[in-house]
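next come a sequence and a model predicted from it.
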Amino acid sequence: MNDSKISVRYAKALFKSALEKGIADRVIQDLNYISEIVQTDDFKYLMKNPVIKTSEKIDAVSKLFKEKIHEFSLRFFILILRQKRESYLERIIRNIQSFYRSHKGILSVELIVPVKVDKETKNRFFNILSDSFKTEIELTEKVKPGIVGGFILRIEDEQLDNSVTTALSKMKESLSVK
């Protein structure tokens with residue numbers, strides 16, 4: 001089965017179930033927390049190491065998350081481990097977050113800049129986007145020094161590239177046309 005189909009199916013199942021139980025907001029908080037943890041090298045080692053038994057992974061996850069996340073979220077995490085789907089965990093979380101944003105009418109926006117922007121500039125971007133789209137905005141910032149200057153704005157599947165790198169590339173392209 002296709003990787004994306006697997007992660008989407010698990011994500012849909014969890015999200016629908018969380019909605020039915022009225023705990024979608026809590027589950028999203030849990031998954032945001034889990035998402036931070038799964039990025040660490042130690043956790044990746046635990047999940048990807050074929051020598052570590054599934055039962056040991058379940059014990060470790062249970063001890064690590066038992067007091068920190070809702071029982072429903074923990075049981076879902078354990079189900080993923082039992083089904084040996086831990087390699088899909090990050091994609092499953094991203095899909096659930098996407099379903100949640102869609103359900104709540106939240107627009108996901110990524111601001112890509114060459115250096116970290118100050119709070120005032122980030123707030124200006126946030127306010128302009130909120131006013132323009134008339135919806136709740138989830139604005140994340142990503143620093144990418146390679147764009148030299150300017151910014152790239154990703155709004156869902158659309159991208160506005162106002163970076164110096166792209167401008168220079170377009171200029172070079174137009175000068176080299178014969």
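That came through fine. Residues are numbered from 1 along each chain as shown.

other residues contacting the helix or strand of the chain with the lowest mean pLDDT?
Ranked by mean pLDDT, DSSP states H and E, the weakest helix or strand in the chain is helix 164-176, scoring a mean of 87. The contact list for helix 164-176, computed with C-beta atoms under 8 Å, 6 or more residues apart in numbering, reads 146-150, 152. To be clear about C-beta, it is placed using only N, CA and C from the backbone, and glycine gets the same treatment.

are any of those residues buried, and which?
Buried members of these, counted by 16 or more other C-beta atoms under 10 Å: 147, 152.

now the contacts of helix 164-176 in TSV, with pLDDT and secondary structure?
Listed next are the contacts of helix 164-176 as TSV, based on pLDDT from 0 to 100; DSSP: H, G, I helix; E, B strand; the rest coil:
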residue	pLDDT	secondary structure
Gly146	88	helix
Ile147	89	helix
Val148	86	coil
Gly149	89	coil
Gly150	90	strand
Ile152	93	strand
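
can you give me the buried ones in the strand or helix carrying Asp25?
Using DSSP states H and E, Asp25 falls within helix 24-38. Within helix 24-38, the residues scored as buried using 16+ other C-beta under 10 Å are 24, 27-28, 30-31, 34, 38.
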